[in-house]
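In: predicted structure and sequence below. I'll ask about it afterward.
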Amino acid sequence: MTKTWSFKRKIGTGLAVVVALTVLISAIAVYALNTVIASKDRVISENAQVLTDAARLDAALEWKVSAGRGFLLAHESDYIDKMKKARGEFHKILGQIRSHVDMNSPSQRLIDQIEQAEGEHQAAMDQVIALKMEGASAEAVSKGFSEKTSPRREVLNQRTTAFVSHEQSLLAEAKKAATDAAYSAMSIVIGMAIIVALFAVCIAYFLTRTLTNQIGDAVHHVQSSSAELQSAANQQASGAKEAAMAMTEITTTISELLATSRQIAESSQRVAHIAAETASSAREGDQTVQKTHDSVVSIQRQVDLIVTHMLELGKKSQQIGGILEIINELAEQTNILAINATIEAAGAGDSGKRFAIVADEIRKLADRVGGSTKEIKALIDEVRAAVNTTIMATESGSKAVDAGARQFSEVASALKQIIGMVKTTTEAAREIELSTKQQSTAVEQVNFAVSNVSQATRETEASSGQTLETATQLNELSRQLTRLILPNMSA
């Protein structure tokens, strides 16, 4: 049936099939791209958000603990309000995290354990605060803080760490699933592209073979025509020459296109290399930030140790003050006894003079002891003031360290996002490089085919100079060419 088709119908049909296949592969590529984007968005909006909220949860917990310590040290009601505010923020963030995870999942159980541990820690903290408000000694408050609050704080930290580790593993699994989806989509698109290319080659080969056979038959009749068709053959040779010139221009254009494709491939390769270096630098930056975060956590522990030592120093100074009060009291009693002894010695006459001298010396020594105790007491008061100032400065430093830790966590999260985006850019650049190389190969094949067609055109031009044999053959050739170009017209 296709033997009766015209040039226009055959070429139009072939182009229509190629366009339909191109539209099909484009639709598949768009669907695959939307699937990959949806997977990546789910990873960013859910798993990464949970980890970010976990960092905020840890910051709120540190804020609450710092406020509790501040009240134990300074005994100011503002710290109680700050602690309540911090605890409210803690439960608010915990509720946000709960809304992002599935019900009846291990994450929900870990959140319940964190909430339970926080309640136990708060109950222990309330007991220590109650001791402080009842006027208990610093030793009792410190002992209650060490025995009740610190162990529950350690349990709370362990459960928070376990939750973060679990969510990080979930994030890694989600990233792997998204990457697998991307590779699957890529494989489907590449497979469809190969199928379309093979089908297009088959169509081109079929059309070329069919048209070549028909044109070859016509050219064979032209070669056997008589000398009477010399002018017509000359006209055909002129047309073939113009076609050869046009094919030469097409060959030049395709060569330029091939050079441009190669340049694009080289640029894509350089972009992929730069993106890989950027990803390496981002990973190194992430490691540096993590090390700095660990250093900040170590500094925070040292600050807590300094606060403990300051509390011990304050307790020791109170003990020294009590001992000085006893010494001062003994000095006053000694002074009174010395005065009484002097009075008794004066009443004893000459025999009591030496005893009076000794009593006077004892009184002077008691006076000096009393003065020394006052000076020591003043020094101890200064030491207490310095200890209180140091504790307040240490508390400010602890808050600064907490803020620094939160900022380092945010920087680490941002670096991880940058690493993910750079990885996506690297994969895209490599895909562009591969596509450009395939395009260059296809252009080279087209260039070779066009060169062959140009050579065939020149051969046709040379063969068109031969004359035709008889008018009968010319008449038959005209009918065949008419049926070939316009099959519906009569000969």
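Out: Arrived safely, thanks for sending. Residues are numbered from 1 along each chain as shown.
In: thought Ile129 was touching Ile80?
Out: Yes: using C-beta atoms under 8 Å, Ile129 and Ile80 qualify as a contacting pair, with a distance of 7.3 Å. Yep, even glycine has a C-beta here, placed from its N, CA and C like the rest.
In: need the overlap of contacts for those two.
Out: Counting by C-beta atoms under 8 Å, 6 or more residues apart in numbering, the contacts common to Ile129 and Ile80 are Phe71.
In: who has more neighbours out of these two?
Out: Shown here are Ile129 and Ile80; by other C-beta atoms under 10 Å, Ile129 has more neighbours (21 against 15).
In: quickly list the domain ranges of this structure.
Out: Domains of the chain are assigned by automatic domain parsing as 1-212, 260-450.
In: what's the least confident stretch among those?
Out: Sorting the domains of the chain by mean pLDDT places domain 260-450 lowest, at a mean of 75.
In: could you export the domains of the chain as JSON lines, including distance to Arg458?
Out: JSON lines is the format used below for those (distance: least, C-beta to C-beta, whole Å):
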{"stretch": "domain 1-212", "distance to Arg458": "16"}
{"stretch": "domain 260-450", "distance to Arg458": "13"}
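In: so which of those domains comes closest to Glu459?
Out: Closest approach to Glu459 among the domains of the chain (C-beta to C-beta): domain 1-212, 12.5 Å.
In: ok, how many other residues are close to Arg406?
Out: 19.
In: host element of it?
Out: Assigned by DSSP states H and E, Arg406 belongs to helix 353-463.
In: Arg98 now?
Out: helix 77-100.
In: buried sites along that helix?
Out: Using 16 or more other C-beta atoms under 10 Å as the test for burial, helix 77-100 gives Tyr79, Lys82, Met83, Ala86, Arg87, Glu89, Phe90, Ile93, Leu94, Ile97, Arg98.
In: measure how that helix sits relative to helix 353-463, angle-wise.
Out: 30 degrees (axes from the mean of the first three to the mean of the last three C-alpha atoms, to 10 degrees).
In: name the next helix or strand following helix 77-100 along the chain.
Out: helix 106-133.
In: just checking, what packs against that next one?
Out: helix 48-74, helix 77-100, helix 138-144, helix 150-223 (3 or more C-beta pairs under 8 Å, 6 or more residues apart in numbering; DSSP states H and E).
In: relative to Ile254, which of the domains of the chain is closest?
Out: Closest among those, using C-beta to C-beta: domain 260-450, at 4.6 Å.
In: any idea how far Phe163 is from Pro106?
Out: Going from Pro106 to Phe163 by C-beta to C-beta, to the nearest Å gives 9 Å.
In: looking at those two, which is more packed in?
Out: Between Pro106 and Phe163, counted using other C-beta under 10 Å, the more crowded position is Phe163 (23 against 13).
In: so what secondary structure elements neighbour the helix or strand containing Thr260?
Out: Following DSSP H and E, one finds Thr260 within helix 230-347. Secondary-structure packing of helix 230-347 (3+ C-beta pairs under 8 Å, 6+ apart): helix 48-74, helix 138-144, helix 353-463.
In: TSV for the ones you listed, including distance to Glu167?
Out: Formatted as TSV, the helices and strands packed on helix 230-347 follow (distance: least, C-beta to C-beta, whole Å):
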stretch	distance to Glu167
helix 48-74	5
helix 138-144	34
helix 353-463	12
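In: just those helices: most buried one?
Out: Among these, ranked by average contacts under mean count of other C-beta atoms under 10 Å, first place goes to helix 48-74 (a mean of 21).
In: distance from it to the middle of the chain?
Out: Here helix 48-74 is found 24 Å from its chain centre; the criterion is C-alpha atoms, centre = their mean, to the nearest Å.
In: what's the answer for stretch 274-293, then?
Out: 11 Å.
In: same question for stretch 91-109.
Out: With C-alpha atoms, centre = their mean as the basis, the mean position of stretch 91-109 lies at 22 Å from the chain mean.
In: show me the contact partners of it.
Out: 46, 49-50, 53-54, 56-57, 60, 111, 114-115, 163, 166-167, 170.
In: mind doing that once more with 10 Å?
Out: 45-47, 49-61, 110-112, 114-115, 118-119, 162-163, 166-167, 170 (C-beta atoms under 10 Å, 6 or more residues apart in numbering).
In: first-to-last residue distance for it?
Out: 16 Å (C-alpha to C-alpha, to the nearest Å).
In: I'd guessed Gln127 sits against Ala140; true?
Out: No: judged on C-beta atoms under 10 Å, Gln127 makes no contact with Ala140 at a distance of 11.4 Å.
In: picking that back up, compute the inter-axis angle for the helix holding Arg406 and helix 150-223.
Out: 10 degrees.
In: how big is the angle separating helix 353-463 from helix 230-347?
Out: Going by the same axes, to 10 degrees, helix 353-463 makes 180 degrees with helix 230-347.
In: for helix 353-463, name the packing helices and strands.
Out: Using 3 or more C-beta pairs under 10 Å, 6 or more residues apart in numbering; DSSP states H and E, the elements in contact with helix 353-463 are helix 7-42, helix 48-74, helix 150-223, helix 230-347.
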